[in-house]
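J.: Have a look; sequence and predicted model below, questions after that.
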Amino acid sequence: QVQLVESGGGLVQAGGSLRLSCAASGRTFSYAMGWFRQAPGKEREIVSCINSADATYYVDSVKGRFAISRDNAENTVYLQVNSLKPEDTAVYYCATDERGGSACEWIPYENWGQGTQVTVSS
């Protein structure tokens, strides 16, 4: 079981930026890694993901503002979040799954972190 620890969340003003990090306990270079978010009263949604071939996916609402990347040497995935909007406020979760060769947006991720809060003030 891969353990995941997210960091980098916080309170920012609209238009601001954050860099979310997710460190995995094991080697994840062949894994798919994703970022999800859940706002109060809403279902969890996928935000972005990257598979083992570095193919990426972004939900439409964050395209052009968020960027996912991975450092396989550090077993870490990052989510650079720019031009933040109040509607981006949510708990952001990192997830990973060994089915790294698949289209990452469709994978039923098995390993989840505890989440990091992102709050965007208007």
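T.: Ah, there it is.
J.: what helices or strands is the helix or strand hosting S69 leaning on?
T.: Take DSSP states H and E as the rule and S69 turns out to sit in strand 66-71. Contact here means 3 or more Cβ pairs under 8 Å, 6 or more residues apart in numbering; DSSP states H and E; on that basis strand 66-71 packs against strand 32-38, strand 45-50, strand 56-58, strand 76-81. Bear in mind the C-beta positions are built from the backbone N, C-alpha and C, glycine included.
J.: Direction included, what does that strand pair against?
T.: Paired strands of strand 66-71, with direction, are strand 76-81 (antiparallel) (DSSP bridges).
J.: Make a markdown table from the helices and strands packed on strand 66-71 and add mean neighbour count and mean pLDDT to it.
T.: As requested, these are exported to a markdown table (neighbours: other Cβ atoms under 10 Å; pLDDT from 0 to 100):
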| stretch | mean neighbour count | mean pLDDT |
| --- | --- | --- |
| strand 32-38 | 24 | 97 |
| strand 45-50 | 21 | 98 |
| strand 56-58 | 17 | 98 |
| strand 76-81 | 23 | 98 |
